[in-house]
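Enquirer: Dropping the sequence and predicted coords here.
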Amino acid sequence: MTSTSTLKNDIIRFVYTETSIAEKEELLTAMLIHDDLYEFYMQTSFVKEQVEQVKIEPSEKVIDRILAYSKRTAV
């Protein structure tokens, strides 16, 4: 029997399309049988979507500091 933590790790791989076809089929079957695994899949998918929407850019001040440092240390 595969442990729940292993299955959850496999579900994370599934969400990021890093599973084989055979693993995918096994996970889909497990999620049909176990509501807690399906719930974990739904939560993980939601979090992945939210993270992908985050857009972070450095401020102009940070960029200026990096460029200034680069100029000072250039050979």
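Expert: Right, received. Where do you want to start? Numbering: from 1, shown residues only.
Enquirer: helix/strand/coil for Lys55?
Expert: Secondary structure state of Lys55, per DSSP: H, G, I helix; E, B strand; the rest coil, is coil.
Enquirer: What does the residue nearest the centre of the chain show for phi and psi?
Expert: Nearest residue to the geometric centre of the chain (Cα atoms, centre = their mean): Lys48, 5.3 Å. Main-chain dihedrals, Lys48, degrees, to the nearest 10: phi -60, psi -50.
Enquirer: which residues touch it?
Expert: Neighbouring residues of Lys48 by Cβ atoms under 8 Å, 6 or more residues apart in numbering: Val15, Tyr16. Heads up, the C-betas are built off the backbone N, CA and C, glycines and all.
Enquirer: and it, how far is that from Ile11?
Expert: 11 Å (Cβ to Cβ, to the nearest Å).
Enquirer: same check, this time on Ile63
Expert: Counting by Cβ to Cβ, the gap from Ile63 to Ile11 is 39 Å.
Enquirer: out of the two, which sits in the busier spot?
Expert: Ile11 (22 against 11; other Cβ atoms under 10 Å).
Enquirer: Now do the contacts for the more buried one.
Expert: So Ile11 contacts Leu27, Met31, Leu37, Phe40, Tyr41, Thr44 (Cβ under 8 Å, 6+ apart).
Enquirer: Same question for Leu27.
Expert: Neighbour list for Leu27: Leu7, Asp10, Ile11, Phe14, Thr19, Leu37 [criterion: Cβ under 8 Å, 6+ apart].
Enquirer: any idea whether it is helix, strand or coil?
Expert: Quick answer, by three-state DSSP: Leu27 is helix.
Enquirer: show me where the chain has helices.
Expert: Along the chain, the segments classed as helices by DSSP state H run 4-15, 21-33, 35-53, 60-73.
Enquirer: out of the contacts of Ile11, which one sits closest to Ser70?
Expert: Thr44 (39.2 Å; Cβ to Cβ).
Enquirer: Check what pLDDT the nearest residue to that closest one once chain neighbours are set aside gets.
Expert: Distances taken as Cβ to Cβ, 6 or more residues apart in numbering put Val15 closest to Thr44, at 5.0 Å, once the chain neighbours are dropped. For Val15, the pLDDT comes out at 97.
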